[in-house]
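S.K.: my questions concern the predicted model and sequence given below.
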There are 2 protein chains.
Amino acid sequence: MMQCIFNNRNDRKSELAKADRLAPETVTWSIPAKSVVTLDDDPGSWQHTKAVAAYPADLLKDKILSAKERLVLDFGETLVGKVRLKLESPQADSPVRLRILAAELPYEAKCDPETFDGGLGRAWLQEELITAYDFPAEIELPNRYSLRYLVINVLSCPHKSKVKITRAEVIARSAVGKDLPRPLPQWDNELALIDAACARTLRNCMQKIAEDGPKRDRRLWLGDLRLQALVNHVTFQRYDQIERSIRILCACKDDRGMIPGAVIMRPEPHNSSFILDYSLLFSRLLLEHCRFSGDLDIGGEFFPIAEKQLTFYRDKLDKDGSFNNPGYWLFIDHCDELDRSTPIACTAIRALESLAELAKILNMPESKINRLQEETVVWRNTLRRSSFDTDSGMLSSGSSRQFSWASQIWGILAGVLSPEEGRCILQDWEKRENIIKPVSPYLMHYLLEAFRMCGMENELTRTIRSYWGGMIKHGADTFWEVYLPDDDFFTPYGSDPRNNSACHAWSGTPGYFLRTIPER
Amino acid sequence: MMQCIFNNRNDRKSELAKADRLAPETVTWSIPAKSVVTLDDDPGSWQHTKAVAAYPADLLKDKILSAKERLVLDFGETLVGKVRLKLESPQADSPVRLRILAAELPYEAKCDPETFDGGLGRAWLQEELITAYDFPAEIELPNRYSLRYLVINVLSCPHKSKVKITRAEVIARSAVGKDLPRPLPQWDNELALIDAACARTLRNCMQKIAEDGPKRDRRLWLGDLRLQALVNHVTFQRYDQIERSIRILCACKDDRGMIPGAVIMRPEPHNSSFILDYSLLFSRLLLEHCRFSGDLDIGGEFFPIAEKQLTFYRDKLDKDGSFNNPGYWLFIDHCDELDRSTPIACTAIRALESLAELAKILNMPESKINRLQEETVVWRNTLRRSSFDTDSGMLSSGSSRQFSWASQIWGILAGVLSPEEGRCILQDWEKRENIIKPVSPYLMHYLLEAFRMCGMENELTRTIRSYWGGMIKHGADTFWEVYLPDDDFFTPYGSDPRNNSACHAWSGTPGYFLRTIPER
């Protein structure tokens, strides 16, 4: 087996050079504004805001604008790209100044950025101030946006001459292509819309790198990447981009050999967050990538790094086999009150099991495979002994013996709970009380995986329809980073939901399940 | 004599091509920020605002910025150019957003653009919104500014990491060079500062074209150009740029053959305003350009166009020799109540006299020269008869027999009033009551010309010290488009003085007089 725990700077550089050879040619296409809309207050709409078409954007070229006027353009679809505007003002004797806001959702478009009070910073709102001195002015706004709506406030224009916006378009871009895959013939409209939103979410996130969210953050996250790889497999099949991401993440591991949770690409790629559950996902990501792409070489190349991630868990096990968290950041879900002891143990078990499977398909020595499989069983039994609650048939977590869906979901995925136990637990899961619920679409994805593992295909589809279909009913055409059906304004980032991303990699996975329904 | 009243489109194109061959190579140089200042309310300072140095800009690189912080940089000098900033934010996990205002004067820098309520439009305020995603960020602000101050509002920055501005510079530019000419040895400090401000004003206005004001308007104006040509002659001596401007203005004349008051350069050079007194200035501009540059060919080439401008006046004279204004825009000064009949007649007389002088140096036939000179005398006598008031020894204007300095100044320059009469009138001119005063530095320039014509060199220097020296005492290092010593907030453009330009071509002429004091 090849040794490749490269820690020094030269190794990183040469590894990044390999990733760079896979840098994509971005596809671009033009989407003109479809209509001019009003953003109405409406308690019945998501975030109490409804975009209502006022007139087709074709009529814009005859619409004379004056100072203090406000226009909201709807491009008909959530897109990632640059925005181009053409302004005409014959005989203009002074410039035109526009205040512009690109937005994914109607509420974000409706609110004044001046009132922003979110946790991650106003700079993530997609604001611009544009001055056109010469006419006709062909303007390309300076940054790349994720948007469906473009709000244009005319701050100032020549009062004697006429100003018109004679063209407005998004030059959309993606690393994986423009067109979404066709729906399967057996689907109804709801499933077709959900599937299309999944593919669009992935398409929009796949830029120069696989981004978590093209509006905010824009980083390569390991947790998101594994989910992107699933959807990619059933849609664009751009395995080269998954390989590129794997290479970047591995190149950016720290001196201990830990793969970061996230990589920031500039000025040079560097790690930004270490999250133990994300690092442990790497063996599963690598295993699935080998299976999906058929490329076993990359499995062999990165097996040692995958194996290394387990040591960050293993080395902190006490003599009882319990994990003593030495201060690692554990994510699991966007939920402060969640006890993560059981979920992280299950994540480690599944990681070890995936590593054993990877060793197997790589034709590694039986002895190695056996050792990994045996350790998986030991860890599984240890956790079962400490955490299985015979009264409820569920796993508890921590010294407070907390019950959470996170523990049950990961318990099923790790094989600590059997599929039969899982079926009992997951039956009518939404009606259960006194159990910590999933907060993010990320953990909701793992619920879908648990359904599949338990053979609960009906529950799986029902949950896709109720949760992801709920976003569709609220107008989504890409899936949201954050979605609590009962709380329009929930955000994990302070108090302003405008920092939430409405097109987020980890939310777009139902398409994977819909396109891989097992044969009966 | 060559015939060149070209009216069709092809002629214009080929004329513009000749002007384009004279397009300048712009000189650029870097000026780093000098200090960080506060903008204090101070009733004793111009516009009640005082810029007070807080610390040297060198210390900026150690200054950690946080959201909602505001910095005002002082570049130590009024400059025209692009602004570059370097932002550093190690380990930034979110972008930085800055709201930026470039300003010429402290008051303009102090006020929030949101409160702007001026007549020519907020778009002339030099505002930007900048988002930096990647660090270190080397930012060049998108537009060209005329500025001494740069106000930086930090709207948003990563709260966990540190953000610093580690470099701030203006990449200054001019068509005529960087360095100002040395002061003459006999000058005191006040005259040296006034002369430098004149040269700096011209330098800053001389860009790809000769602009009237680099902050606002940015057009080529005939009235400004003649004054720029005077200062250019005693400073940078870039006669090629004056020739270029002459060619552009002539190429943009209308179908009647009238030279426009102003040209807007883009998308293609086109006329924007027809002002009869400006068009009539053309013969004087051309005469002086021939004298200054020694290039008589251009005088011959454009003599017919200069001659043509007189017909717009001559054709509207009634049988008494009075001008019946058929709706021409007459400027003379920024003063609504001013009766312009006598000033425009005097402007025409001086134009005709200049044309005769031009014919002479071009060695045109005696008969032609005589005809022009004779007509000058006729016009002069006609005006004298109709407008000279024997009681006051001054010229009146219009049916209301209005007395204005504009009439006296132009009467002296046109020879309708003799130098002796002029001396009587101009003696202690500031103390006179019941006479319409000059409002703009533009008419103040013609007062200086009148002083010189009357041999009143002491009055000339005293007026330069009191009026232009007044701006210097208020902190000017370039001269202002608008200056009424008793009214800090006067503007001809609505109610907000922030549309006034603080670096304006027509205000920078004292240097011409200071450097051309006639020998006794």
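M.R.: Everything's here; your move. Everything numeric here is computed off the predicted structure, so don't read it as measured data. Residues are numbered from 1 along each chain as shown, chains lettered A, B, ... in the order given.
S.K.: surely residue A:389 touches residue A:395?
M.R.: Yes. When contacts are counted by CB atoms under 8 Å, residue A:389 is listed as touching residue A:395 (7.0 Å). (Each C-beta comes from the backbone N, C-alpha and C, glycine too.)
S.K.: what do these two both touch?
M.R.: residue A:403 (CB atoms under 8 Å, 6 or more residues apart in numbering or on different chains).
S.K.: who has more neighbours, those two?
M.R.: residue A:395 (31 against 11; other CB atoms under 10 Å in any protein chain shown).
S.K.: which ones are touching the more buried one?
M.R.: By CB under 8 Å, 6+ apart, the neighbours of residue A:395 are A:342, A:346, A:383, A:387-389, A:403, A:407-408, A:411, A:416-417.
S.K.: can you pull the contacts of the closest residue to residue A:200 other than its chain neighbours?
M.R.: Of all residues not flanking residue A:200 in the chain, residue A:478 sits nearest, at 5.1 Å (CB to CB, 6 or more residues apart in numbering or on different chains). When contacts are counted by CB under 8 Å, 6+ apart, residue A:478 touches A:78, A:104, A:197, A:200-201, A:204, A:502-504, A:508.
S.K.: quick one, phi psi at residue A:478?
M.R.: phi -130, psi 160 (degrees, to the nearest 10).
S.K.: if we can go back for a sec, now intersect the contacts of residue A:478 with the helices, please.
M.R.: Among these, the ones falling in helices (DSSP state H) are A:197, A:200-201, A:204.
S.K.: and residue A:272, what element?
M.R.: Following DSSP states H and E, one finds residue A:272 within strand A:270-273.
S.K.: contacts for that strand?
M.R.: Strand A:270-273 has contacts (CB under 8 Å, 6+ apart) with A:219, A:252-254, A:260-264, A:329, B:91, B:93.
S.K.: and if you look at stretch A:184-204?
M.R.: Contact with stretch A:184-204 is made by A:77-80, A:146, A:174, A:176-178, A:180-181, A:183, A:214, A:228, A:231-232, A:235-236, A:461, A:464-465, A:468-469, A:471-472, A:476-479, A:503-505, A:507-512, A:514-515, as judged by CB under 8 Å, 6+ apart.
S.K.: repeat that for stretch A:329-345.
M.R.: Here stretch A:329-345 makes contact (CB under 8 Å, 6+ apart) with A:223, A:261, A:273-278, A:280, A:313, A:322-323, A:325, A:347, A:379, A:383, A:387, A:395-398, A:400, A:402, A:404, A:406-407, A:409-411, A:414, A:436, A:438-440, A:442-443, A:482, A:492.
S.K.: do stretch A:404-418 as well
M.R.: Applying CB under 8 Å, 6+ apart, the contact partners of stretch A:404-418 are A:332-333, A:335, A:338-340, A:342-343, A:345-347, A:349-350, A:353, A:380, A:383-384, A:387-388, A:394-397, A:419, A:421-422, A:425-426, A:429, A:435-438, A:443, A:446-447, A:449-450, A:453-454.
S.K.: chain center to that stretch, what's the gap?
M.R.: The chain centre lies 22 Å from the centre of stretch A:404-418; the measure is CA atoms, centre = their mean, to the nearest Å.
S.K.: for stretch A:84-104, same thing?
M.R.: 34 Å.
S.K.: list the buried residues for it?
M.R.: A:84-89, A:92-104 (16 or more other CB atoms under 10 Å in any protein chain shown).
S.K.: first-to-last residue distance for that stretch?
M.R.: 17 Å (CA to CA, to the nearest Å).
S.K.: is any residue of it near chain B?
M.R.: Yes. Stretch A:84-104 lies within reach of chain B by CB under 8 Å from any CB of the partner chain, at A:91, A:93-97.
S.K.: from the contacts of stretch A:404-418, which land in strands?
M.R.: Assigned to strands by DSSP state E, the following of the contacts of stretch A:404-418 qualify: A:388, A:394-395.
S.K.: what's the longest strand in chain A?
M.R.: Assignment by DSSP E gives strand A:70-88 as the longest strand of chain A.
S.K.: other SSEs contacting that one?
M.R.: If contacts are counted by 3 or more CB pairs under 8 Å, 6 or more residues apart in numbering or on different chains; DSSP states H and E, strand A:70-88 sits against strand A:27-32, strand A:35-41, strand A:49-56, strand A:96-103, strand A:137-140, strand A:145-156, strand A:164-174, helix A:189-205.
S.K.: about what we covered before: hey, C-alpha coordinates of the strand holding residue A:272 in PDB?
M.R.: Extracted in PDB, the C-alpha atoms of strand A:270-273 (Å, rounded to 0.1, in the frame of the first residue of the first chain):
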ATOM      1  CA  HIS A 270      -6.300  26.300   3.300                       C
ATOM      2  CA  ASN A 271      -8.300  24.600   5.900                       C
ATOM      3  CA  SER A 272     -10.800  26.500   8.000                       C
ATOM      4  CA  SER A 273     -12.700  24.200  10.300                       C
END
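S.K.: adjacent strands (with direction) for that strand?
M.R.: Using DSSP bridges, strand A:270-273 pairs in its sheet with strand A:262-264 (antiparallel).
S.K.: quick one: distance of the partner strand to the chain centre.
M.R.: So, by CA atoms, centre = their mean, the centroid of strand A:262-264 is 14 Å from its chain's centroid.
S.K.: what pLDDT, on average, does it get?
M.R.: The average pLDDT within strand A:262-264 is 95.
S.K.: also stretch A:180-191?
M.R.: 97.
S.K.: quick one: buried residues of that stretch?
M.R.: Buried residues in stretch A:180-191, counting neighbours by 16+ other CB under 10 Å, are found at A:180-181, A:183, A:191.
S.K.: run through the stretch 401-520 of chain A and note the low-pLDDT ranges.
M.R.: Low-confidence segments of the stretch 401-520 of chain A (pLDDT under 70): A:520.
S.K.: which of the contacts of strand A:270-273 fall in strands?
M.R.: Among the contacts of strand A:270-273, DSSP E puts A:262-264 in strands.
S.K.: closest one of these to chain B?
M.R.: Nearest to chain B among the ones in strands among the contacts of strand A:270-273, counting by CB to the nearest CB, is residue A:264 at 7.4 Å.
S.K.: specify the beta-bridge partners of the closest residue to chain B within the stretch 301-450 of chain A.
M.R.: Residue nearest to chain B within the stretch 301-450 of chain A (CB to the nearest CB): residue A:329, separated by 13.6 Å. Per DSSP bridges, the residues bridged to residue A:329 are residue A:275.
S.K.: who in the stretch 251-400 of chain A is up against chain B?
M.R.: Neighbours of chain B within the stretch 251-400 of chain A, by CB under 8 Å from any CB: A:264, A:266-267, A:272.
S.K.: now, the most widely separated pair of those residues?
M.R.: Across those, the longest distance by CB to CB is 13.2 Å; it joins A:267 and A:272.
S.K.: show me which of those two is the more surrounded one.
M.R.: The residue with more neighbours, out of residue A:267 and residue A:272, is residue A:272; 17 against 10, by other CB under 10 Å.
S.K.: tell me the domain boundaries of chain A?
M.R.: Annotated domains of chain A cover A:27-173, A:189-514 [automatic domain parsing].
S.K.: residue A:129 belongs to a strand?
M.R.: Yes. Using DSSP: H, G, I helix; E, B strand; the rest coil, the assignment for residue A:129 is a strand.
S.K.: tell me the contacts of it?
M.R.: Residue A:129 neighbours (CB under 8 Å, 6+ apart): A:97-100, A:155, B:127-129.
S.K.: pLDDT and distance to residue A:309 for those - can I get that in CSV?
M.R.: Formatted as CSV, those follow (pLDDT from 0 to 100; distance: CB to CB, whole Å):
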residue, pLDDT, distance to residue A:309
A:97, 96, 52
A:98, 97, 49
A:99, 98, 47
A:100, 98, 44
A:155, 94, 52
B:127, 98, 50
B:128, 98, 45
B:129, 98, 42
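S.K.: tabulate those residues (TSV), appending distance to residue B:68.
M.R.: TSV is the format used below for these (distance: CB to CB, whole Å):
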residue	distance to residue B:68
A:97	23
A:98	25
A:99	19
A:100	22
A:155	22
B:127	18
B:128	18
B:129	15
